[in-house]
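In: let's see this in three dimensions:
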Amino acid sequence: MCEQGFPPCVIVIDALDECKEENTTSMILIALSFFAVVPVLSHQFFITSRPVANVVEGFHETGLMRDTSALVLHSIPI
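Out: This is a model prediction of the structure:
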């Protein structure tokens, strides 16, 4: 349990690429980049998305890529 009393958790954001407005995707990634640098919080994010340009660029521009593990579904052997 972390210092604030919150148990570790996983926050799921499914289909990030399905945001209707491109600005929404950018705002979500910018907000997540702030959480990524808070070492006291015990949380992880599980984000699903197709590799569309605005999502990929957003991860690079916000610095989230250095803390991200990518899993490409069609590359997993069956």
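In: from the centroid of the chain, which residue is nearest?
Out: Geometric centre of the chain, nearest residue: residue 47, 4.9 Å, by C-alpha atoms, centre = their mean.
In: report the beta-bridge partners for that residue.
Out: residue 13 (DSSP bridges).
In: I figured it hits residue 16, correct?
Out: Yes: counting by C-beta atoms under 8 Å, residue 47 does reach residue 16; the two are 5.5 Å apart. (Each C-beta comes from the backbone N, C-alpha and C, glycine too.)
In: quick one: the helices in this protein?
Out: 22-36, 53-61 (DSSP state H).
In: mean pLDDT and mean neighbour count added to those, as TSV?
Out: TSV is the format used below for the helices of the chain (pLDDT from 0 to 100; neighbours: other C-beta atoms under 10 Å):
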stretch	mean pLDDT	mean neighbour count
helix 22-36	89	15
helix 53-61	93	16
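In: need the ones you listed in CSV with distance to residue 69, can you?
Out: Listed next are these as CSV, based on distance: least, C-beta to C-beta, whole Å:
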stretch, distance to residue 69
helix 22-36, 13
helix 53-61, 12
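In: any idea how far residue 34 is from residue 62?
Out: Using C-beta to C-beta, to the nearest Å, residue 34 is found at 9 Å from residue 62.
In: ugh, typo on my part, it should be residue 72
Out: Distance from residue 72 to residue 62, by C-beta to C-beta: 20 Å.
In: now swap in residue 55 and tell me
Out: For residue 55, the distance to residue 62 - C-beta to C-beta - is 11 Å.
In: which residues do the two both contact?
Out: Here residue 55 and residue 62 have residue 29 as joint contacts, going by C-beta atoms under 8 Å, 6 or more residues apart in numbering.
In: who's in contact with residue 32?
Out: Residue 32 neighbours (C-beta under 8 Å, 6+ apart): 45, 47, 62, 64.
In: could you redo the last one with a cut-off of 7 Å?
Out: Listed by C-beta atoms under 7 Å, 6 or more residues apart in numbering, the contact set of residue 32 reads 45, 64.
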